[in-house]
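Enquirer: Test case, fold it:
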Amino acid sequence: MVAALAIAITGSIATAAHAEPSTSELTKKIDKASDQLEDVVESYNKMNLSLKKTKADEKKLAASLGPAKAALVAAGAQMDAIAQSAYMTGNVGTMNVLLEGSDNLMDRMGFLEQISRSRSRDIAEYRATTENYTERQAALKATQVKQEAEAKELAGRKKKIEGDLKKLYAMRTAAYGTATEKGTKYTGTIPSIAGSAGKAVTFAYNALGLMYEYGADGPNTYDCSGLTSAAWRAGGKSLPHNAAEQYSATTRISRSDLKPGDLVFYRSNGHVAIYVGGGQIIDASRAGQPVKKRTIDIMTPNGYGRVT
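Expert: I've put the predicted structure just below:
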């Protein structure tokens, strides 16, 4: 999917460069390429989440190896003691000595069974401890390999996005004489909304005019999911920095149920905005543009989510 998007972006840029279209046609091409690039950015954000999880898994596994190794050493010492006892006392071992003072057959049989169970437990514990340690070592190795692969792919994706951004800025300069729009700080009235949603909406209003930057969640730049996650962080709630993951993390609602603070999703969850009431959203939409307040119908929404 990422490769296809990258080809589409490159195709849009190449067409714009060679066909010398009108300003309106170039604007459409820029908008299309920007949307496609944002989809790649959100895919980048999702991979970044995966990399963070892999790093956390590696840290947890590495920490668990110490206790597992200590348990293995202790179990090994117990096995050494059992083997030494068997060697020194013969097949019957110390059991004859211990049982010589008893004429009760049931006592002798019970004691033999107890010794047998004890050694069986020791052997079983040793086997389980060994397997546990070996499995943890293998899991740590696999996690490290996964992390290295994810980091390499993430670096490649980052480089590709940065290259596409340069081309996109060149397209904008050709169309408008400047690579970026100017953002202005919002000085109007911020609606008074109670609770966590109110804090999230206030945060979004205060972000108006700040510039878009892929992978950013503040404090001075944002991408779409970075803005919504930062807004709701101000409201005391944690959201993953990825539009699709935010869709999964929120409760589905209908458009008629929308309240300020709810999230609005677009383009198959490739873009997300925060609803601020009155049919308006605030979103960080694309490279070269500031965070804006605009109509909810910038394009057809594909879903709505409530943070709970």
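Enquirer: which residues in the stretch 51-200 of the chain form helices?
Expert: 95-99, 105-176, 195-207 (DSSP state H, counting those that start in this stretch).
Enquirer: Least reliable of those by average pLDDT, please.
Expert: Out of the helices of the stretch 51-200 of the chain, helix 95-99 stands lowest, with a mean of 45 (criterion: mean pLDDT).
Enquirer: State the helix or strand in which Ala273 lies.
Expert: strand 271-277 (DSSP states H and E).
Enquirer: hmm, who's touching that strand?
Expert: 35, 38, 42, 191, 193, 200-201, 204-205, 224-225, 227-228, 231, 243, 246-247, 258-266, 281-283, 285, 293, 296, 298, 304 (Cβ atoms under 8 Å, 6 or more residues apart in numbering). Every residue, glycine included, has its C-beta placed from N, CA and C.
Enquirer: Would you mind listing which of the residues you listed are buried?
Expert: Among the contacts of strand 271-277, those classed as buried by neighbour count (16 or more other Cβ atoms under 10 Å) are 35, 38, 42, 193, 200-201, 204-205, 224-225, 227-228, 231, 243, 246-247, 258, 260-266, 281-283, 285, 293, 296, 304.
Enquirer: These in strands, which ones?
Expert: Members of these lying in strands (criterion: DSSP state E): Leu263, Val264, Phe265, Tyr266, Ile281, Ile282, Asp283, Lys293, Tyr304.
Enquirer: these two touch, right, the first one and Thr308?
Expert: No: the pair Leu263 and Thr308 fails to qualify as a contact (Cβ atoms under 8 Å) at a distance of 11.6 Å.
Enquirer: Show me whatever sits in contact with both of these two.
Expert: Counting by Cβ under 8 Å, 6+ apart, the residues touching both Leu263 and Thr308 are Thr250.
Enquirer: just to revisit the earlier point, just the closest of the ones in strands among the buried ones among the contacts of strand 271-277 to Lys46, please.
Expert: Of all these, Lys46 sits closest to Phe265, with 14.3 Å by Cβ to Cβ.
Enquirer: Now that closest one: closest residue in space that isn't a chain neighbour?
Expert: Gly303 (4.5 Å; Cβ to Cβ, 6 or more residues apart in numbering).
Enquirer: tell me the contacts of that neighbour?
Expert: Here Gly303 is in contact with Tyr247, Arg252, Val264, Phe265, Asn269 (Cβ under 8 Å, 6+ apart).
Enquirer: Throw the residues you listed into CSV and include distance to Lys146, thanks.
Expert: What follows is the contacts of Gly303, written out as CSV (distance: Cβ to Cβ, whole Å):
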residue, distance to Lys146
Tyr247, 25
Arg252, 32
Val264, 34
Phe265, 29
Asn269, 25
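Enquirer: how about the CA coordinates for stretch 55-64, as PDB?
Expert: Output in PDB follows, covering the C-alpha atoms of stretch 55-64 (Å, rounded to 0.1, in the frame of the first residue of the first chain):
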ATOM      1  CA  LYS A  55      11.500  -1.600  22.200                       C
ATOM      2  CA  ALA A  56       9.300  -2.000  25.300                       C
ATOM      3  CA  ASP A  57       9.000  -5.700  24.700                       C
ATOM      4  CA  GLU A  58      12.800  -6.000  24.400                       C
ATOM      5  CA  LYS A  59      13.300  -4.100  27.700                       C
ATOM      6  CA  LYS A  60      10.800  -6.300  29.500                       C
ATOM      7  CA  LEU A  61      12.300  -9.500  28.100                       C
ATOM      8  CA  ALA A  62      15.900  -8.400  29.000                       C
ATOM      9  CA  ALA A  63      14.800  -7.600  32.500                       C
ATOM     10  CA  SER A  64      13.200 -11.000  32.900                       C
END
